[in-house]
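Novice: Dropping the sequence and predicted coords here.
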Amino acid sequence: MRNEEIARLFYLIADLLEIQNVQFKPIAYRRAAQSIEGLSEGIELIYEKGGLKSLEEIPAIGVNVALKIEEYLKTGKMKHLEELKKQVPIDESLLHIGGLGPKRIKLLYNELGIKTVDDLEKAAKAGKIKNIRTLGAGVEENILEAIQFFKSHSRRFILGYIQKDIDLLVERLKKSNFTERVEVCGSARRKKETIGDLDILAISKNSSKLIDFFTKLNDVQKVLGKGLKKSTVLLQNGLQVDLRVLDKKYFGAAMQYFIGSKEHNVSLRKLAISKKYKLSEYGLFKGKKVIAGENEKDIYNSLGLDFIPYEIRENSGEIEAALKHKLPKLVELKDIQGDCHMHTLQTDGTCTMEQMIEAAIKLGRKYIVFTDHTKALGITNGLDEKALLQQIKKIEKMNKKYSEITILSGAELNILDDGNPDIDNKVLKQLDVVVGSVHTGFKQDKEKITRRTMKAMENENIDIIGHPTGRKIQVREPFAIDLNKVMEKAKETETALEINSYPQRLDLKDVHIREAVNRNVKLVISTDSHHTSHLEFMKFGVDQARRGWAEKKNILNTLPLDKFLKNLK
DNA sequence: GCCGTTTTCGGCCCGACTGTTTTCAGTCG
């Protein structure tokens, strides 16, 4: 998919236009970019199939943006962007320096000819910035710090890996005696895959004491901002945390505002205006009269909407659905009955079968599948046919030992270069659940890697495709697989696609899940555990499924054991 | 440049904090 690539160009156009003081167009380009990012289908495919017309049907994309997309797909260039770059020849990275917005970038370019982060750093170190009117020594100092931050921390955090830190921080604020209530908001509350910073909302009668307490916490590396109602700090681990303190009577409105997403809020505020209301973090108002504020649900209801779950507040159709009372009833962690993907010491796991079983029992799982790697993945000491048959025997014994849970035999086999499994079908047939994954040839072209996976789905023994796109967040891109074709084939062959819960994988992505849900493709949520502690990753997979609008009925492992097995291919 | 429970033209979310000023512009979320 080239969606992110093209979205980035429109974000850049928006920024460059803003530097030129162009009104409103930046907003339009950013909306177009967001819309493209949210597509579940490759934009190049949409264009291939339906031409300009189909591009214009995408929300926030009109004839002009559609033409630019066409131009870029055909020529690899956008004249408009090239022109803008000539007019404002600054490096894109300048836009990512905190405290620098379009106005200051323009000023710095006009006054000092600053085009790059390096130029900026030199000018600041030489003390040239403080002499510019409306800037000053303080700004200069902040710019130097922001450059340092940009160089060392220009990354996002994988939510699943810092969730525990977040929980701990919230606990400490709760125990401070200055708070009545503390809530995580922002992208962490919406359960995005990664977060850029952490937003916390607190209700307090003594906001200045709370903010003092907050800014003096042990792991605060630096206080970036401190006011009466909000404060921003940088933690030792590099995470930026915003704390906003409000009175109880605004609580619901503040939650709504602070959870976002920004785009969701903008749409909601527009809806409010259309109904002659005004919406802010202090409430929903008609004139000066408060219509709703203490309760988040009241705000939505007062606007004629059903309450919208946090995970789908991305302005991607949820407001329309809430207006029509047609929101999905999203799958929940408590719906999950089994886990279909876990490894043991036999291959690259780090715990024994018994340890994994006991941990799964503690989490209330009713059934689990051991899916150790198979022989083609030599590095993991993958099992061959003989070892798999032995494992089946071992699992039979385990089922006698543990009565609270059913242990199923399985494997995560390798889909070979030709699309065949690396294990004999006669053996696969004896396993309860077979996951097929691509572990090699990540760089193969789209046609080849798509064909491989489709062929694997045609194998009657392969029930589930593991981590279908192979991406690893912040490590590697997904392979060039054509998910449209994969989903068609999944539907046709009744193969399930995995939502891998591993924080760094979360594969499928939310937009793909939504597409699978629309097509009624079967899904499973699995942990891919390599350690007992990983079994708890299930919650991240469920969050991901929720972000993809999945309901209980879409997820096979919400079914009781007998129905689960019956519904596999 | 997009879009329509206000609309095919005229709008386009709203408020806190910072650093510079001394009433505000810029940035951020």
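Specialist: Now that the structure is in, tell me what you want to look at. Residues are numbered from 1 along each chain as shown, chains lettered A, B, ... in the order given.
Novice: so how far is A:I6 from A:Q163?
Specialist: Counting by CB to CB, to the nearest Å, the separation of A:Q163 from A:I6 is 32 Å. Where C-beta positions appear, they are placed from N, C-alpha and C, glycine not excepted.
Novice: Looking at the two, which one has more neighbours?
Specialist: A:I6 (24 against 21; other CB atoms under 10 Å).
Novice: Can you tell me which residues in the stretch 51-200 of chain A are near DNA strand B?
Specialist: A:59-66, A:80, A:98-105, A:130, A:133-140, A:142, A:186, A:197, A:199 (CB under 7 Å from any atom of the strand).
Novice: can you pull the contacts of the residue of the stretch 301-450 of chain A found nearest DNA strand B?
Specialist: Nearest residue of the stretch 301-450 of chain A to DNA strand B: A:L323, at 7.2 Å (CB to the nearest atom of the strand). Contacts for A:L323 (CB atoms under 8 Å, 6 or more residues apart in numbering) come out as A:G304, A:L305.
Novice: Tell me the pLDDT of it.
Specialist: pLDDT, A:L323: 92.
Novice: from the middle of its chain, how far away would the strand or helix carrying A:H264 be?
Specialist: Per DSSP states H and E, A:H264 falls inside helix A:262-274. Relative to its parent chain, helix A:262-274 has a centroid offset of 22 Å by CA atoms, centre = their mean, to the nearest Å.
Novice: What is the next helix or strand after it packed up against?
Specialist: As assigned by DSSP H and E, the chain's next helix or strand after helix A:262-274 is strand A:278-280. Counting contacts by 3 or more CB pairs under 8 Å, 6 or more residues apart in numbering; DSSP states H and E, strand A:278-280 is packed against helix A:251-259, helix A:262-274, strand A:283-286.
Novice: quick one: strands adjacent to the last one?
Specialist: Under the criterion DSSP bridges, strand A:283-286 sits next to strand A:278-280 (antiparallel), strand A:289-292 (antiparallel) in its sheet.
Novice: re earlier: filter the residues of the stretch 51-200 of chain A next to DNA strand B down to just the ones in helices.
Specialist: A:63-66, A:80, A:102-105, A:137-140, A:142, A:186 (DSSP state H).
Novice: Give me the buried subset of these.
Specialist: Listed as buried from those are A:V65, A:A66, A:H80, A:P102, A:R104, A:I105, A:V139, A:E140, A:N142, A:G186; burial here means 16 or more other CB atoms under 10 Å.
Novice: of all the residues you listed, which comes closest to A:E314?
Specialist: A:G186 (12.8 Å; CB to CB).
Novice: With adjacent residues omitted, what lies nearest to that closest one?
Specialist: A:D199 (3.2 Å; CB to CB, 6 or more residues apart in numbering).
Novice: residue ranges with poor pLDDT in the stretch 151-300 of chain A?
Specialist: A:153-155 (pLDDT under 70).
Novice: Secondary structure element holding the closest residue to A:A66 other than its chain neighbours?
Specialist: Computed as CB to CB, 6+ apart, the closest residue to A:A66 that is not its neighbour in sequence is A:L55, at 3.9 Å. Element membership of A:L55 [criterion: DSSP H and E] is helix A:43-56.
Novice: Show me what that helix is packed against.
Specialist: On a contact count with 3+ CB pairs under 8 Å, 6+ apart, helix A:43-56 meets helix A:63-75.
Novice: And the contacts of the helix it packs on?
Specialist: With CB under 8 Å, 6+ apart, helix A:63-75 has contacts from A:2, A:6, A:9-10, A:28-29, A:32, A:43-44, A:47, A:52, A:55-56, A:61, A:77-81.
Novice: Can you tell me the number of residues neighbouring A:S40?
Specialist: 23.
Novice: re the thing from before, which two in the ones in helices among the residues of the stretch 51-200 of chain A next to DNA strand B are spaced the farthest apart?
Specialist: Pairwise over these, using CB to CB, the maximum falls at A:V63 and A:A137, 48.6 Å.
Novice: hang on, the earlier thing: so which of the helices and strands packed on strand A:278-280 gets nearest DNA strand B?
Specialist: helix A:262-274 (2.7 Å).
Novice: I'd like to know which elements the closest one is packed against.
Specialist: Taking 3+ CB pairs under 8 Å, 6+ apart as the contact cut, helix A:262-274 packs with helix A:251-259, strand A:278-280, helix A:318-323.
Novice: Let's see that with 7 Å instead.
Specialist: strand A:278-280, helix A:318-323 (3 or more CB pairs under 7 Å, 6 or more residues apart in numbering; DSSP states H and E).
Novice: which strand is the longest one in chain A?
Specialist: strand A:406-414 (DSSP state E).
Novice: Please name every helix or strand in contact with it.
Specialist: Judged by 3+ CB pairs under 7 Å, 6+ apart, strand A:406-414 is in contact with strand A:367-370, helix A:385-401, strand A:433-437.
Novice: Would you mind giving these as TSV with mean pLDDT, mean neighbour count and distance to A:K226 added?
Specialist: Formatted as TSV, those follow (pLDDT from 0 to 100; neighbours: other CB atoms under 10 Å; distance: least, CB to CB, whole Å):
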stretch	mean pLDDT	mean neighbour count	distance to A:K226
strand A:367-370	97	27	49
helix A:385-401	94	15	57
strand A:433-437	95	27	49
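Novice: wait, A:E92 sits on A:Y11?
Specialist: No. Judged on CB atoms under 7 Å, A:E92 makes no contact with A:Y11 at a distance of 9.4 Å.
Novice: neighbour-wise, which of the two wins?
Specialist: A:Y11 (20 against 14).
Novice: which ones are touching the more buried one?
Specialist: Contacts for A:Y11 (CB atoms under 7 Å, 6 or more residues apart in numbering) come out as A:R30, A:A33.
Novice: With A:Q163 instead?
Specialist: Contacts of A:Q163 by CB under 7 Å, 6+ apart: none found.
Novice: Just read off the phi/psi values of it.
Specialist: A:Q163 adopts backbone torsions of phi -60, psi -40, taken as degrees, to the nearest 10.
Novice: And A:L383, by the same measure?
Specialist: On the backbone of A:L383 - angles per degrees, to the nearest 10 - the values are phi -80, psi 140.
Novice: now A:L235
Specialist: According to degrees, to the nearest 10, A:L235 has phi -80, psi 170.
Novice: The stretch 301-450 of chain A against DNA strand B: which residues are in contact?
Specialist: So the stretch 301-450 of chain A never meets DNA strand B (CB under 7 Å from any atom of the strand).
Novice: Tell me, how many residues neighbour the residue in the stretch 351-500 of chain A positioned nearest to DNA strand B?
Specialist: For the stretch 351-500 of chain A, the residue closest to DNA strand B is A:Q474, as judged by CB to the nearest atom of the strand, at 19.2 Å. The number of residues packed near A:Q474 is 12, by other CB under 10 Å.
Novice: which residues of the stretch 451-569 of chain A score low on pLDDT?
Specialist: The stretch 451-569 of chain A contains residues with pLDDT under 70 at A:475.
Novice: mind listing the helices for it?
Specialist: With helices called from DSSP state H, counting those that start in this stretch, the stretch 451-569 of chain A shows them at A:483-493, A:510-518, A:538-547, A:561-567.
Novice: Would you format those as JSON lines with mean neighbour count and distance to A:D335 included?
Specialist: Converted to JSON lines, the helices of the stretch 451-569 of chain A look like this (neighbours: other CB atoms under 10 Å; distance: least, CB to CB, whole Å):
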{"stretch": "helix A:483-493", "mean neighbour count": "18", "distance to A:D335": "21"}
{"stretch": "helix A:510-518", "mean neighbour count": "22", "distance to A:D335": "15"}
{"stretch": "helix A:538-547", "mean neighbour count": "26", "distance to A:D335": "8"}
{"stretch": "helix A:561-567", "mean neighbour count": "14", "distance to A:D335": "12"}
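Novice: A:R365: which of those helices is closest?
Specialist: Per CB to CB, nearest to A:R365 of the helices of the stretch 451-569 of chain A: helix A:538-547, 8.5 Å.
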